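S.K.: Quick one, what's the 3D model for this:
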Amino acid sequence: MESRKEKANALHDKGYNCAQAVACTFADKVDVDEEILFRACEGLGLGMGCMQGTCGAISGACVLAGFVNSSANLDAPNSKQATYKLSRQIVEKFQARNQGTICKDLKGVETGKMLRACPDCIMDAVEFVEEVLFAE
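M.R.: Predicted coordinates for the structure are as follows:
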């Protein structure tokens, strides 16, 4: 049986961006159509702005935190703080492992020293989603 890490990297190899690869890997767990996750995460790849922003793999993981935790109470949004806490846990785990969360820093664009390649960022994000959002 293919692991979620393997599935996410296969999606990335197929052309999904890092955010899409992570989020779509868990479509079954969040009961959301993969196409919706794919579309929702399209603008989050490549560090939101050609490597200038947060790693897409982390962004996709945080999108999943909302699907897992949000109350979807449009009249009185009441789940944000708990969702932020879950997202923060994922980001902190990623930061601790990779010494960065910004795409261009992870890729070493300005320093010439790559901290983490996309496939590894994707596998890390999948691991942390499993630990934080789907621990059993």
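S.K.: who's in contact with stretch 37-54?
M.R.: Contacts with stretch 37-54, where a contact means CB atoms under 8 Å, 6 or more residues apart in numbering, come from 16-20, 23-24, 27, 30, 55-56, 59-60, 63, 101-104, 107, 109. For glycine as for every other residue, the C-beta is placed from the backbone atoms N, C-alpha and C.
S.K.: How much space separates Lys14 from Thr25?
M.R.: Per CB to CB, to the nearest Å, Lys14 is found 12 Å from Thr25.
S.K.: What are the buried residues along stretch 64-82?
M.R.: Residues of stretch 64-82 classed as buried by neighbour count (16 or more other CB atoms under 10 Å): Leu64, Ala65, Gly66, Phe67, Val68, Asn69.
S.K.: Show me the contact partners of that stretch.
M.R.: Counting by CB under 8 Å, 6+ apart, residues outside stretch 64-82 touching it are 22-23, 26, 29-30, 32, 83, 86-87, 90, 129, 132-134.
S.K.: if I pick Phe128, what's in contact with it?
M.R.: Neighbours of Phe128 in contact, by CB under 8 Å, 6+ apart: Ala61, Gln89, Ile90, Lys93, Phe94.
S.K.: residue contacts, Cys18?
M.R.: When contacts are counted by CB under 8 Å, 6+ apart, Cys18 touches His12, Gly45, Leu46, Cys55, Gly56, Ala57, Ser59, Gly60, Cys118, Cys121, Ile122, Ala125.
S.K.: now the helix or strand of the chain with the lowest mean pLDDT: how far from the chain's centre is it?
M.R.: Lowest by mean pLDDT, DSSP states H and E among the helices and strands of the chain is helix 103-106, with a mean of 94. A distance of 15 Å separates the centroid of the chain from that of helix 103-106, by CA atoms, centre = their mean, to the nearest Å.
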